[in-house]
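Trainee: Need coordinates for the below:
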Amino acid sequence: MESQVAAQLDSLGVKYSYESIKLGYEKPTSLHHYTPDFILPNGLIIEAKGRFVTADRQKHKLIKEQHPDKDIRFVFSNPATKIGKKSKTTYADWCGKYGFKFSKGLIPTAWLSEQVQTSRVLQTLAVKK
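Mentor: Sure thing, here's the model as predicted:
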């Protein structure tokens, strides 16, 4: 099709340039929602994970970037599990790299009494059962 248009412009003596500039644009992002597993009265967000698949890891990196005021922590059934068959990285390693606290099996009791800076919205949600 481009050659037909170029031929037309040429036959009419119209000067033009072809694919001579690049314009940047951003694709609109889609909005997603995250529903935490548990919200403690002190505002900590707890995610209980058996499997921690790629989509989960990507999601939590985005949530941390977009909500840096939220303290999200993981409780893994086994934090020594590798993130992939060919990977040496464990769930624990991944958490360390991206600044997430984690535990094995249960929520550490120290987390329950920790003072956490959170929004009133989370504290309101935490008291609902």
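Trainee: Show me what the longest helix seen in the chain is packed against.
Mentor: Longest helix in the chain by number of residues, with DSSP state H as the criterion: helix 54-66. Under the contact criterion of 3 or more CB pairs under 8 Å, 6 or more residues apart in numbering; DSSP states H and E, helix 54-66 touches strand 72-76, helix 91-98. Bear in mind the C-beta positions are built from the backbone N, C-alpha and C, glycine included.
Trainee: low-scoring stretches of the chain, by residue?
Mentor: 117-129 (pLDDT under 70).
Trainee: could you show me where the helices are in it, in order?
Mentor: 2-12, 54-66, 91-98, 109-113, 120-126.
Trainee: how about the longest one: buried residues?
Mentor: Think helix 54-66. Neighbour-count burial for helix 54-66 flags Arg57, His60, Ile63 (criterion: 16 or more other CB atoms under 10 Å).
Trainee: what residues are up against Gln66?
Mentor: Shown in contact with Gln66 (CB atoms under 8 Å, 6 or more residues apart in numbering): no residues.
Trainee: Kindly report the same for Lys61.
Mentor: Counting by CB under 8 Å, 6+ apart, Lys61 has contacts Tyr98.
Trainee: Would you check how far apart it and Glu2 are?
Mentor: Lys61 is 41 Å from Glu2, where distance means CB to CB, to the nearest Å.
Trainee: rewinding a little: between the buried residues of helix 54-66, which is nearest Ile107?
Mentor: His60 (17.3 Å; CB to CB).
Trainee: residues near the spatially closest residue to Lys82 that is not a sequence neighbour, how many?
Mentor: In space, Lys82 comes closest to Thr90 once its chain neighbours are excluded; the distance is 5.8 Å by CB to CB, 6 or more residues apart in numbering. Close neighbours of Thr90, defined as other CB atoms under 10 Å, add up to 17.
Trainee: Then Lys27?
Mentor: 5.
Trainee: Please tell me how far it sits from Pro41.
Mentor: 40 Å.
Trainee: returning to what we had before: the longest helix of the chain to strand 72-76, inter-axis angle?
Mentor: 160 degrees (axes from the mean of the first three to the mean of the last three CA atoms, to 10 degrees).
Trainee: With that, I have no additional questions.
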